[in-house]
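Enquirer: I'd like to go over a predicted model; first the sequence, then the structure.
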Amino acid sequence: MAKSINELEPQAIWHNFYLLTRVPHPSGHLDKIRQFLLSWAAEKGVEACADNAGNVVMRKPATAGMEGRKTAVLQAHMDMVPQKTDETEHNFETDPIETYIDGDWVRAKGTTLGSDDGMGVAAIMGIMESKDLRHGPLEALITADEETCMYGVENLASDTLTGDILLNIDNETLGEFVIGSAGGVNINLSLIYKEEATGDDIAVRVSLANLRGGHSGLEISEGRANANKLMARFVRQAIIDDSICLASWKGGNMRNAIPRTAEVVLTLPKENLDDLRDLAAHCLAIFADEYSGIEKNITMTVEETALPKGVVPAEICDNLVDAILACHDGVLRYIPSIPSVVETSSNLGIVNIADGEAKILILARSSCETMLELVQEMQGACFSMAGMKVEYNGYYGAWQPNFDSPITKKMVEVYSALYPDTPARVEVCHAGLECSIIGDTYPNMDLVSFGPTLRSPHTPDERCLIPSVGKFWAFLTKLLEEIPEKQA
């Protein structure tokens, strides 16, 4: 029995994934992983370069006799979401990911695993270095900063790729072939204020932690708690009951991850401290009851801390807290024609209030353009009433499904022949995929997303199902053998 992931089969994927875990690659800090991929390609004799957007592009000629096949582009992203448990000491910019085998799953020790999308990158590496696979001409596109702003594909030149088919290896369920996904936009909210002096009060740090969090596209429909929304309920009541002032608020760290933690520093009269502790205990009991069966380990602590130099003025504090409490978070609507799939949602991803500045970041998603506009207007109206500046960026359109996609039909055929007892499924999803932007840049390309089975990406509970990886590899290599001929 394998003791480490480097011993798992198929080695073509697992060894390369192990190599990726050794190289820090959180979103926004990709120089190390980019250089690793280029050096790895040079060592293996694979043609590779970095483009002006920081993507890595690889090319491999067809095996003998298959030169006339359509060119397939294997595509994945090189960055990972940096999330860790509260007790884990880990620096994502310098430390490797420590993995372990847990039955049929591979997990990381207290952090995200990086299988999203390390599994896709590892598969590309395995295909590119192989000497015995049969395939037509291949290209690979490993993109930069998909998780934060899709920067790599947003800035992909229209002459970088020559492929006819794009195989996006960034889906999370084996046997599921995704042909459409939601669009999204970042809603940036900001406010500058002048702090007020703290006076003779004491200060406390209130920490809400150990929520499950999750992927704000894949798991937004599961009813998981958002730490920023729960904290707003507590802080608003503390303003009413205990005369608190807000000095700082830090909740969440990624726009596309449901916040697992939130922490505030409050000032209050010393005689109100016991009542504040009682309020925290009361709120914790309410939250545990409301989310029973979903959130199992919510914690809420109150501890005295050093008195800050200033606090948010009372009127501004009231407006900010009210807006955070009132703003939409979670599912807004399901697709009317496919009621099992989320159409429109919001994720109150990041709240940072401190030192005279409030910044909030919400990721809104929708597969319906007018509903995406609506949710922008809703959030903008809510926070503009609190006096905040509202800005939008990072827009990407929805990937509209092509139910007549030739490559999807071929994939279903190949998968069904390999695994007749587990039928393939063609789906659309709520998560944002790079296919939407690539399809705009290359409108004649046939696109589909697939991959091995992962669960709970964007959380420290992220895990990869070991048996699915072997089946995925067998399917991928067989699919490449059967890529159709180019039409004359």
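Expert: Sure, I can see it. Numbering: from 1, shown residues only.
Enquirer: Could you list the low-pLDDT ranges of the protein?
Expert: 1, 488 (pLDDT under 70).
Enquirer: ranges for the helices of the stretch 351-488 of the chain?
Expert: 369-384, 406-418, 435-441, 466-481 (DSSP state H, counting those that start in this stretch).
Enquirer: hang on, I meant the chain
Expert: In the chain, the helices defined using DSSP state H lie at 11-21, 31-44, 115-129, 151-154, 227-242, 273-290, 314-326, 369-384, 406-418, 435-441, 466-481.
Enquirer: I'd like the helices of the stretch 351-488 of the chain as JSON lines, with distance to Glu129 appended.
Expert: C-betas here are computed from N, CA, C, even on glycine. Below are the helices of the stretch 351-488 of the chain laid out as JSON lines (distance: least, CB to CB, whole Å):
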{"stretch": "helix 369-384", "distance to Glu129": "41"}
{"stretch": "helix 406-418", "distance to Glu129": "23"}
{"stretch": "helix 435-441", "distance to Glu129": "24"}
{"stretch": "helix 466-481", "distance to Glu129": "13"}
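Enquirer: Let me have those helices in a markdown table, adding mean neighbour count and distance to Asp79 as columns.
Expert: As requested, the helices of the stretch 351-488 of the chain are exported to a markdown table (neighbours: other CB atoms under 10 Å; distance: least, CB to CB, whole Å):
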| stretch | mean neighbour count | distance to Asp79 |
| --- | --- | --- |
| helix 369-384 | 17 | 24 |
| helix 406-418 | 17 | 26 |
| helix 435-441 | 20 | 15 |
| helix 466-481 | 19 | 21 |
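Enquirer: still on that earlier bit, nearest to Asn188, out of the helices of the chain?
Expert: helix 369-384 (9.9 Å; CB to CB).
Enquirer: Find out how far the closest one is from the centre of the chain, if you would.
Expert: Distance of helix 369-384 from its chain centroid, counting by CA atoms, centre = their mean, to the nearest Å, is 22 Å.
Enquirer: repeat for stretch 3-11
Expert: 26 Å.
Enquirer: Figure out the length between the terminal residues of that stretch.
Expert: End-to-end distance for stretch 3-11, by CA to CA, to the nearest Å: 14 Å.
Enquirer: likewise stretch 164-172?
Expert: Stretch 164-172: ends 24 Å apart by CA to CA.
Enquirer: now the strands for the stretch 1-150 of the chain?
Expert: 47-50, 56-60, 72-77, 99-102, 105-108, 138-143 (DSSP state E, counting those that start in this stretch).
Enquirer: picking up where we left off before, and Leu74, which of the helices of the chain is closest to it?
Expert: Closest among the helices of the chain, using CB to CB: helix 115-129, at 4.8 Å.
Enquirer: if we can go back for a sec, so which of the helices of the chain gets nearest Tyr396?
Expert: helix 435-441 (5.4 Å).
Enquirer: elements contacting the closest one?
Expert: Helices and strands touching helix 435-441, by 3 or more CB pairs under 8 Å, 6 or more residues apart in numbering; DSSP states H and E, are helix 151-154, strand 165-168, strand 446-449.
Enquirer: which other residues reach the last one?
Expert: When contacts are defined by CB atoms under 8 Å, 6 or more residues apart in numbering, strand 446-449 is touched by residues 164-171, 177-179, 181, 399, 402, 405-408, 411, 433, 435, 438-439.
Enquirer: Now do that strand: distance to the chain's middle.
Expert: Per CA atoms, centre = their mean, the centroid offset for strand 446-449 relative to its chain is 20 Å.
Enquirer: do the first one as well
Expert: Chain-centre distance of helix 151-154: 15 Å, with CA atoms, centre = their mean.
Enquirer: next one: the second one
Expert: Centroid displacement of strand 165-168 relative to its chain, using CA atoms, centre = their mean, is 20 Å.
Enquirer: again, but for stretch 67-74
Expert: In terms of CA atoms, centre = their mean, the centre of stretch 67-74 is set 30 Å apart from its chain centre.
Enquirer: Which residues does that stretch contact?
Expert: So stretch 67-74 is contacted by 61-62, 123-124, 127, 135-141, 161-167, 169, 445, 480, 483-486 (CB under 8 Å, 6+ apart).
Enquirer: Ok, stretch 378-393 next?
Expert: Identification of contacts with stretch 378-393 by CB under 8 Å, 6+ apart yields 149, 185-191, 316, 319-320, 322-323, 326-328, 346, 358, 360, 362, 364, 376.
Enquirer: who's Leu363 bridged to?
Expert: Asn186, Asn347 (DSSP bridges).
Enquirer: Surely it is in contact with Ser346?
Expert: Yes - counting by CB atoms under 8 Å, Leu363 does reach Ser346; the two are 7.3 Å apart.
Enquirer: shared neighbours of those two, which are they?
Expert: Ile187.
Enquirer: from what I can see Thr198 touches Ala247, true?
Expert: Yes - at 7.4 Å, Thr198 and Ala247 qualify as touching, with contact defined as CB under 8 Å.
Enquirer: More neighbours: which of those two?
Expert: Between Thr198 and Ala247, counted using other CB atoms under 10 Å, the more crowded position is Ala247 (26 against 16).
Enquirer: Please verify my assumption that that one contacts Val312.
Expert: Yes - with contact defined as CB under 8 Å, Ala247 reaches Val312; the gap is 7.2 Å.
Enquirer: Tyr392 bridge partners, please.
Expert: Tyr392 forms beta bridges with Ile187, as assigned by DSSP bridges.
Enquirer: Burial check on it, number of neighbours?
Expert: Tyr392: 13 neighbours (other CB under 10 Å).
Enquirer: ok now stretch 119-131, how far from the chain's centre?
Expert: For stretch 119-131, the distance from its own C-alpha centre to the chain's C-alpha centre is 22 Å (CA atoms, centre = their mean).
Enquirer: Would you mark the buried spots in it?
Expert: Judged by neighbour count (16 or more other CB atoms under 10 Å), stretch 119-131 contains these buried residues: 119-130.
Enquirer: When you filter the contacts of stretch 378-393 down to buried only, what's left?
Expert: Buried members of the contacts of stretch 378-393, counted by 16+ other CB under 10 Å: 149, 185-189, 191, 316, 319-320, 322-323, 327-328, 346, 358, 360, 362, 364, 376.
Enquirer: out of the strands of the stretch 1-150 of the chain, nearest to Cys464?
Expert: Comparing these by CB to CB, strand 105-108 comes nearest, at 4.7 Å.
Enquirer: returning to what we had before: overlap in contacts of Thr198 and Ala247?
Expert: Common neighbours of Thr198 and Ala247 (CB under 8 Å, 6+ apart) are 267, 308, 310-311.
Enquirer: Is it possible to get TSV of the residues you listed that adds distance to Thr88 and neighbour count?
Expert: Putting these into TSV (distance: CB to CB, whole Å; neighbours: other CB atoms under 10 Å) gives the following:
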residue	distance to Thr88	neighbour count
Thr267	30	21
Pro308	27	18
Gly310	32	18
Val311	31	24
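Enquirer: For burial, what's the neighbour tally of Gly199?
Expert: So Gly199, with other CB under 10 Å, has 10 neighbours.
Enquirer: Identify the residue spatially nearest to it, adjacent ones excluded.
Expert: In this structure, Gly199 finds its nearest non-sequential neighbour in Thr267, 7.8 Å apart by CB to CB, 6 or more residues apart in numbering.
Enquirer: Can you report how many residues lie near Thr305?
Expert: Thr305, neighbours per other CB under 10 Å, totals 15.
Enquirer: which ones are touching it?
Expert: Thr305 is in contact with 203-205, 265, counting by CB under 8 Å, 6+ apart.
Enquirer: among these, who's most crowded?
Expert: Among the contacts of Thr305, Val204 has the most neighbours (other CB under 10 Å), with 23 neighbours.
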